[in-house]
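Engineer: Sharing a model that was predicted from the sequence below.
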Amino acid sequence: MIGSRLKSLLAAGCAVGALTGTAAAGGFDRGGVNIDLLWDESPYAAEAGLIFVNPQRTLNNVQRLDRPPFPVALFSPSVDVDDDYTVPRVGFKANVFEPVDCLATYTQPYGADAQYGTNNAYSPTSVEFKVDTNDYGLTCSYKWGLGKGFARIVGGVSYLDVDAFQSRQTLLALGNQGLGTFQLSDDAWSWRLGGSYEIPEIALRASLVYSAKYNLDGLAGTADTTGFAGGRLGPAGTRFLGVFDVTAATEIPQALDFKVQTGIAPGWLAFGSVRWQEWSKLGVIPIRGVRSPLTGLPSNTSFDPLYRDGWTVSGGIGHAFTDKFSGAVSLTWDRGTSTVSGYQTDLWNFAAGAAYKATENIEVRLGGSLGLWESGTSVFGGGDLASAVTYTFDDDLVAAISGSIKVRW
């Protein structure tokens, strides 16, 4: 069976791998549903971890393109984006009976958390934008001997709930500093299917897992324009304010994950992964039911990511220093999903992690990463006129730290 040093190496590799898919990945991706614990050799294993990500992004030369400008075109030399976030992960794996293993998981695999501040040129587009998700999953595998190792077929399901929130100073150019808000929620099921081949003696494992989309065609909630009360709204103070029922439809798109690892020399491990997700499915997403606070008529309101597909490619190497302590490093390229608008550009990320086997059954992992987020320009790509804004941004840094504890018995 696999030696204790290779086991320690695998743990360090997991500490690094937990960071590669979460440090400002494209779209709403925060690493998806991680099912690596399913391959643990112990009859029972439980793991809990937390990742903190700190993206640094400043929007420069933010210019409104409203036509005509009211009373002047709004401009801000810079707008800081505050979008720190955390990703929790909990898993419990059990050997139900030979040769079936099952893994129950909880995580927050997708999300967004951006705050742009008030009374600046970006505020009519967004003051705050949040997407929170909770995913509860069950994944099982069936394994059988094949050649020098064994193969597995993997399948499972996930239940995801989604809550989205956005606030805007839509009427800032008219001198009204009040906020309008949108709140939408939905839930959906998804499934996954894949397989792997393993040779435990040399820590070889290659896996390919497909994850189906979450169909969020029932997003529903409210648009609240009552925050504009007290400000100047059109001729003679005309106001059409209220709380309106709104709906929308979108999806968390399908994804494909390929992972491979192998021992390459005594005490050394190499690993890599490729992740694709079809974020191009998110273009212009209409929000139906919104009414203009100026006219009371239906408003052409939408969320306009205009994404392209996301690709994340990672490779790394690890070394076991002792039977109890090992470390690993990796380099990841994440292709940005932004096209003509937005600031999700390519990210180059360097991560390092360590694993310490405190006892025979308890393992502690720590990791950290630092990434370079590439510069770019954003222009108005169509859709909601509230998004009629242009800006530039320089190269920025993304930092992340992670910690987890694993218990086997």
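Structural biologist: Cool, got the structure.

Engineer: Low-confidence ranges, the stretch 151-300 of the chain, go.
Structural biologist: Across the stretch 151-300 of the chain, the ranges flagged by pLDDT under 70 are 230-239.

Engineer: mind redoing it with 90?
Structural biologist: 170-177, 200-203, 227-241, 265-267, 292-297, 299-300 (pLDDT under 90).

Engineer: and what of the stretch 301-409 of the chain?
Structural biologist: 322-324, 360, 381-386.

Engineer: Beta-bridge partners for the residue lying closest to R205 once chain neighbours are set aside, please?
Structural biologist: If the residues on either side of it in the chain are set aside, R205 comes closest to E198, at 4.5 Å by C-beta to C-beta, 6 or more residues apart in numbering. The way it works is simple: take the backbone N, C-alpha and C, and place the C-beta from them, glycine included. With DSSP bridges applied, E198 shows beta-bridge pairing to F150, R205.

Engineer: list the contacts for E198?
Structural biologist: 39, 149-152, 204-206 (C-beta atoms under 8 Å, 6 or more residues apart in numbering).

Engineer: can you tell me how far it sits from D334?
Structural biologist: 27 Å (C-beta to C-beta, to the nearest Å).

Engineer: For the strand or helix carrying L103, list every residue counted as buried.
Structural biologist: Using DSSP states H and E, L103 maps to strand 100-107. The neighbour-count check on strand 100-107 (16 or more other C-beta atoms under 10 Å) flags 101, 103-105, 107 as buried.

Engineer: Is it possible to get CSV of those that adds distance to G327 and pLDDT?
Structural biologist: As requested, those are exported to CSV (distance: C-beta to C-beta, whole Å; pLDDT from 0 to 100):
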residue, distance to G327, pLDDT
D101, 28, 97
L103, 26, 98
A104, 30, 98
T105, 26, 98
T107, 25, 96
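
Engineer: how about the helix or strand harbouring F258 as CSV, C-alpha atoms only?
Structural biologist: For F258, the enclosing helix or strand under DSSP H and E is strand 255-265. Coordinates of each C-alpha in strand 255-265 appear next as CSV, following Å, rounded to 0.1, in the frame of the first residue of the first chain:
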residue,chain,number,x,y,z
ALA,A,255,-18.3,21.9,-15.7
LEU,A,256,-15.6,19.2,-16.3
ASP,A,257,-12.7,18.5,-14.0
PHE,A,258,-9.6,16.4,-14.8
LYS,A,259,-7.1,15.7,-12.1
VAL,A,260,-3.9,13.6,-12.1
GLN,A,261,-1.1,12.9,-9.6
THR,A,262,1.7,10.4,-9.3
GLY,A,263,4.8,9.7,-7.2
ILE,A,264,7.9,10.6,-9.4
ALA,A,265,10.7,9.7,-7.0
